[in-house]
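Asker: prediction below, plus the sequence it came from.
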Amino acid sequence: MLLLAGTIPDPGLPLICGRVRIKDGRLFIGERSFYLHRGTPSMIGTATTVCQIMGLEEPYCVIAGDIGKGDGSKLVYNYLAENIHTLKPTVCSFHYIMPDLMLHYKLFCALKNIEAKPFLIADAGYMYIAKMSGNADFYDLFTPDLGELAFLADENSPHPFYTRGFIFHRPDEVEDFITKAYETKGTPRFLLVKGNTDFICENGRVMKMIDEPNIEALECIGGTGDTITGMVAGLIYGGHQPLDACYISAMANRIAGSLANPTPATQVMEIIRRIPEVLKILRKEHFNGRQENTKTHRDG
Amino acid sequence: MKGEMKIQRLFSKRSKKHKEGDFRGLLVYPSTSDVILAEKILKGEGYKVRVVGPPPHLRTGCDLVIEFPLIEQLGIERILKEKGRIPLKVIPISDEILEPIDLCQKKDFGDYLMIRAANMKLVIDKRTKQIVNISGGGCPDVPYLAEMLIGKNLKETPSPKDLGHTVCAYALHIAYEEMLKEVD
């Protein structure tokens, strides 16, 4: 099972759990539907698209309404802590969830105690709390942007808002932060750093850098990081090795971005709708002539 | 692209105003939104307070606390009581205090201007002063703030601090204030 968890900015939305499908550009979970927009819906939408392309079962989603008060996040944490052992996911992606040390600890303990540890991806607020708790290396993949990378590299910072120093997008500086993040155990085994240049890393080493096509306006568009996190979750669930999944996701985002011919005012939907076509081409090109490992995470 | 520049934030300047040996205290609230409201009240009353990160033993996840001059504790507590915003705890500073990030980054895209504060980015159309994008951040109110603010005129919309509840909202507010200075 591919499990996706996060919150939706709708204060009245209760806890909703179930398989997700996409129809007419909207996400459907049970009787509820959501616009495929920035944040958790963007992550869920792209992961679901990947599953459709690869012929996999639909992701299982756990979401609740939260506009920053933490109420919906609490429902998500508690549900996962109490049910993760019966859901038995093989890949999990945790997203816009309020950082909360006590609730994270409860879920962390539940994750530690399940029989087969899933591949654990963290982004956004959940990544913040995974790092702040001192357990970043329990997880498998973080997908920070450059500001968040500086936070991962600062062992004393509990949130990117308090990070010492600042990054001005110089590649040499980014690599220093990557080294520091691994040295201080602020990051898991795999890291996909999203920026003008994307850095794909494993165990402290930069394995790949991607800087083309370079679409500067993408930096302005909210939700473009969420699409990468969704794609990488779907691809790993589908059996791609994490480094390959990171590469395909980062490339697909750039190409879909360039096809959208964006300005800084473009909304992420314009990019999301181009992702299926780009992904199909990229997967075919990237794996032309060699076998995929299709057993790794789909079947546990 | 017209290049990038650094903008010194007020936080670092304000911190230099505190003389060595000044005794400072912290007002601790159960949530970031309570901190934002209390800060607004105290600044409105003319108190020299500032928002900082809590010491390690008070951190719960998404945290801000208010630093204030201890000598003004009585007056501050009185005004907060009058306004129904009594803090959870009032403690003297004896531990490591985290300074909020002290730089904003400005990036000019021709017709559009982006300002970044910490992990939050705010983009406006310079011609119309309309907010066209918000990106970055990880707390649950970031997508909510984007929904509420995108498409609105920068000068007419409620501020991120009035709508948001988290440290990410606070960071976006810093970018918003810097943007207001840019368009004035």
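Answerer: Perfect, thanks for sending it.

Asker: contacts only, for the residue of chain B found nearest chain A.
Answerer: Residue nearest to chain A within chain B: B:D141 (2.7 Å; C-beta to the nearest C-beta). (Glycine included, C-beta is placed from N, CA and C.) By C-beta atoms under 8 Å, 6 or more residues apart in numbering or on different chains, the contact list for B:D141 reads A:P9, A:D66, A:I67, A:G68, B:L163, B:G164, B:H165, B:T166, B:C168, B:A169.

Asker: if we go to 6 Å?
Answerer: Applying C-beta atoms under 6 Å, 6 or more residues apart in numbering or on different chains to B:D141 gives the contacts A:I67, A:G68, B:G164, B:H165, B:T166, B:A169.

Asker: distance of the first one relative to chain B?
Answerer: When C-beta to the nearest C-beta, to the nearest Å is applied, the distance between A:I67 and chain B equals 4 Å.

Asker: check the offset of stretch A:32-41 from the chain's centre.
Answerer: With C-alpha atoms, centre = their mean, to the nearest Å as the basis, stretch A:32-41 stands 15 Å off its chain's centre.

Asker: where does the prediction get shaky in the chain?
Answerer: Just so you know, I chose chain A. Applying pLDDT under 70 to chain A picks out residues A:164-171, A:286-300.

Asker: chain B is the one I meant
Answerer: B:1-22, B:94-96, B:101-102.

Asker: tell me which parts of it are close to chain A?
Answerer: Contact residues, chain B versus chain A (C-beta under 6 Å from any C-beta of the partner chain): B:53, B:59-62, B:98, B:100-101, B:103, B:109, B:112, B:114, B:118-119, B:123, B:132-135, B:138-141, B:143-144, B:146-147, B:164-167, B:171.

Asker: three-state assignment of B:Y176?
Answerer: Secondary structure of B:Y176, reduced to three states by DSSP: H, G, I helix; E, B strand; the rest coil: helix.

Asker: ok, it - contacts?
Answerer: B:L122, B:S159, B:P160.

Asker: which of those residues sits closest to A:S33?
Answerer: Taking C-beta to C-beta as the measure, B:P160 is the one of the contacts of B:Y176 closest to A:S33, at 28.2 Å.

Asker: hang on, the closest one packs against B:Y170?
Answerer: No. Counting by C-beta atoms under 6 Å, B:Y170 is not a contact partner of B:P160; they are 7.8 Å apart.

Asker: all helices of the stretch 1-150 of chain A, in order?
Answerer: Assignment of helices within the stretch 1-150 of chain A using DSSP state H, counting those that start in this stretch yields the ranges A:40-54, A:71-87, A:101-113, A:124-132, A:146-153.

Asker: how about the residues of the stretch 51-200 of chain A near chain B?
Answerer: Looking at chain B, the residues of the stretch 51-200 of chain A close enough under C-beta under 6 Å from any C-beta are A:66-69, A:96, A:98-101, A:124-125, A:128-129, A:147-148, A:158-163, A:166.

Asker: residue ranges for the strands of chain A, please.
Answerer: Along chain A, the stretches classed as strands by DSSP state E are A:2-8, A:16-23, A:26-29, A:32-35, A:60-65, A:91-94, A:119-122, A:141-142, A:190-193, A:198-202, A:205-210.

Asker: in ChimeraX, select just the buried ones from the residues of chain B next to chain A.
Answerer: Provided next is the ChimeraX selection string for whichever of the residues of chain B next to chain A are buried by 16 or more other C-beta atoms under 10 Å in any protein chain shown:
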select /B:53,59,60,61,62,98,100,101,103,109,112,114,118,119,123,132,133,134,135,138,139,140,141,143,144,146,147,164,165,166,167,171
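
Asker: so of the residues of chain B next to chain A, which ones are in helices?
Answerer: Using DSSP state H, the subset of these located in helices is B:D141, B:P143, B:Y144, B:A146, B:E147, B:V167, B:A171.

Asker: how much space separates the last one from B:K107?
Answerer: In this structure, B:A171 lies at 16 Å from B:K107, with C-beta to C-beta, to the nearest Å as the measure.

Asker: same thing with the second one?
Answerer: The span separating B:P143 from B:K107 equals 22 Å under the rule C-beta to C-beta.

Asker: same check on B:G75?
Answerer: Taking C-beta to C-beta, one finds B:G75 at 42 Å from B:K107.

Asker: name the residue in the two with the higher neighbour count.
Answerer: B:K107 (21 against 14; other C-beta atoms under 10 Å in any protein chain shown).

Asker: mind listing what the residue nearest in space to the middle of chain A touches?
Answerer: Central residue of chain A (C-alpha atoms, centre = their mean): A:T229, 2.7 Å from the mean position. Contact analysis of A:T229 by C-beta under 6 Å, 6+ apart lists A:M43, A:D123, A:T143.

Asker: one more time with 7 Å, if that's ok
Answerer: A:M43, A:S93, A:H95, A:I121, A:D123, A:T143 (C-beta atoms under 7 Å, 6 or more residues apart in numbering or on different chains).

Asker: does the fifth one really touch A:H95, like I thought?
Answerer: It refers to A:D123. Yes. The pair A:D123 / A:H95 is scored as a contact, 5.5 Å apart, by C-beta atoms under 7 Å.

Asker: ok, and the closest non-adjacent residue to the residue of chain A found nearest chain B?
Answerer: Relative to chain B, the nearest point of chain A is A:G68 (2.7 Å; C-beta to the nearest C-beta). Excluding the flanking residues, the one nearest A:G68 by C-beta to C-beta, 6 or more residues apart in numbering or on different chains is B:D141, at 2.7 Å.

Asker: also B:Y112?
Answerer: Nearest one to B:Y112, counting by C-beta to C-beta, 6+ apart, is A:P264 at 3.9 Å.

Asker: among the residues of chain B next to chain A, which are located in strands?
Answerer: Per DSSP E, those map to strands at B:L103, B:Y112, B:M114, B:V123, B:V132, B:N133, B:I134, B:S135.

Asker: is it possible to get JSON lines of these that adds distance to B:I71?
Answerer: Listed next are those as JSON lines, based on distance: C-beta to C-beta, whole Å:
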{"residue": "B:L103", "distance to B:I71": "31"}
{"residue": "B:Y112", "distance to B:I71": "46"}
{"residue": "B:M114", "distance to B:I71": "41"}
{"residue": "B:V123", "distance to B:I71": "42"}
{"residue": "B:V132", "distance to B:I71": "46"}
{"residue": "B:N133", "distance to B:I71": "44"}
{"residue": "B:I134", "distance to B:I71": "39"}
{"residue": "B:S135", "distance to B:I71": "42"}
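
Asker: report the two of those residues separated the most.
Answerer: Every pair of those checked by C-beta to C-beta; the farthest is B:L103 and B:V132, at 23.1 Å.

Asker: ramachandran angles for A:H240?
Answerer: Dihedral pair for A:H240: phi -70, psi 140, per degrees, to the nearest 10.

Asker: gap between it and A:R283?
Answerer: Taking C-beta to C-beta, one finds A:H240 at 8 Å from A:R283.

Asker: repeat for A:L15
Answerer: 34 Å.

Asker: my read: B:G25 touches B:F68, true?
Answerer: Yes. Taking contacts as C-beta under 7 Å, B:G25 lies within contact range of B:F68: 5.6 Å.

Asker: between these two, which is the more surrounded one?
Answerer: Set B:G25 next to B:F68 and count neighbours by other C-beta under 10 Å: B:F68 wins out with 24 against 21.

Asker: what's the closest non-adjacent residue to the more buried one?
Answerer: When the adjacent residues along the chain are set aside, B:F68 lies closest to B:V49, with 4.6 Å between them (C-beta to C-beta, 6+ apart).
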